[in-house]
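> give me coordinates for this.
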Amino acid sequence: MTDMARPADWDGPVEIPEVDTSLERIVVPFDGSKAAERALGYAAAFARYSGGEIIVVVAYDPPITVRRRGGITLEGLRSEMEKEAHDLAEESASLLVDKGLRARAIVVRGDVADAILDTIDEEAADIAILGRSGLTSEVRGGERREWGTGSVTDKIVRNATIPVMVVG
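Okay, the predicted model is just below:
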C-alpha cells in the first residue's frame with residue numbers, strides 16, 4: 001500500500017478562487033444533435049454576459065479509400081460530407097448572429113475529437129461548451145446513457161487545456 005500524504009493546506013478553509021470571466025472566445029463543437037443545440041443555447045447566454053465571440057466548430061471524418069474500386073463513390077461521399085458540414089456550420093452561426101451575437105463557423109476535417117481539440121488551441125479559446133453526447137447516440141435510437149458521455153465529448157473533456165462545460 002502506498003502512503004498518500006495530504007496536501008499542505010488540507011486543513012485550511014475552503015476558498016473560491018477568482019476566475020477569468022472575460023470569455024472572449026467560446027468554442028462550441030456542433031453536429032446538429034439536440035445536445036449540441038443546447039450547448040449553443042448556453043454559449044449564447046455566456047456570450048451575452050461576456051460579449052465574447054462564439055466559434056461554432058463542425059468536424060467531420062470522411063472514410064478512407066482502401067482500393068481504387070469504389071473510389072468514385074467514396075469521393076462523392078466525401079464531397080457530400082464536406083458540403084453538409086459547411087451548411088450546418090453556416091446555419092448555426094447565422095442563427096447566433098441573427099440573435100445579435102458575434103459568431104462564426106469553422107469546418108475541420110479529420111478525427112473529430114482531435115480536430116476540435118486542435119481548433120480549441122488554434123483559436124486560443126477561453127471555454128468549450130459541448131453536448132453530453134452527439135448525433136451518433138440519437139441515430140442509434142436516442143438511448144440515454146445514465147452515466148458518462150459520448151466518446152468525442154469524453155476525449156475533449158480529458159484532453160482540453162481550457163475549461164469545458166458539458167450540457168445534457
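
> beta-bridge partners for the residue sitting nearest the centre point of the chain, please?
Geometric centre of the chain, nearest residue: Pro29, 2.8 Å, by Cα atoms, centre = their mean. Note on Pro29: beta-bridge partners by DSSP bridges are Val57.

> show me the contacts for it.
Pro29 makes contacts with 36, 39, 57-59, 112, 116, 128, 130-131, 152, 156, as judged by Cβ atoms under 8 Å, 6 or more residues apart in numbering. Every residue, glycine included, has its C-beta placed from N, CA and C.

> equivalent analysis for Ile55, please.
Counting by Cβ under 8 Å, 6+ apart, Ile55 has contacts 25-28, 103-106, 119, 123, 125.

> do that again at 6 Å, thanks
By Cβ atoms under 6 Å, 6 or more residues apart in numbering, the residues touching Ile55 are 25, 27, 123.

> looking at these, state which has the most neighbours.
Neighbour counts for the contacts of Ile55 (other Cβ atoms under 10 Å) peak at Val27, which has 29 neighbours.

> my read is that one is in a strand, agree?
Yes: Val27 sits within a strand when classified using DSSP: H, G, I helix; E, B strand; the rest coil.

> tell me the confidence at it?
Looking at Val27, its pLDDT is 98.

> how close does Ala89 sit to Ile64?
From Ala89 across to Ile64, the span is 23 Å (Cβ to Cβ, to the nearest Å).

> my error: substitute Asp121 in the last question.
Applying Cβ to Cβ to Asp121 and Ile64 gives a distance of 25 Å.

> re the thing from before, the residue nearest to the centre of the chain and Ala115, how far apart?
For Pro29 relative to Ala115 (Cβ to Cβ), the value is 9 Å.

> what's the overlap in contacts for these two?
In contact with both Pro29 and Ala115: no residue, using Cβ under 6 Å, 6+ apart.

> let's see the distance spanning stretch 102-117 from one end to the other.
21 Å (Cα to Cα, to the nearest Å).

> residues contacting that stretch, please?
Counting by Cβ under 6 Å, 6+ apart, 29, 53-54, 56-59, 61, 85-86, 89-90, 93, 96-97, 119, 152, 155-156, 159 sit against stretch 102-117.
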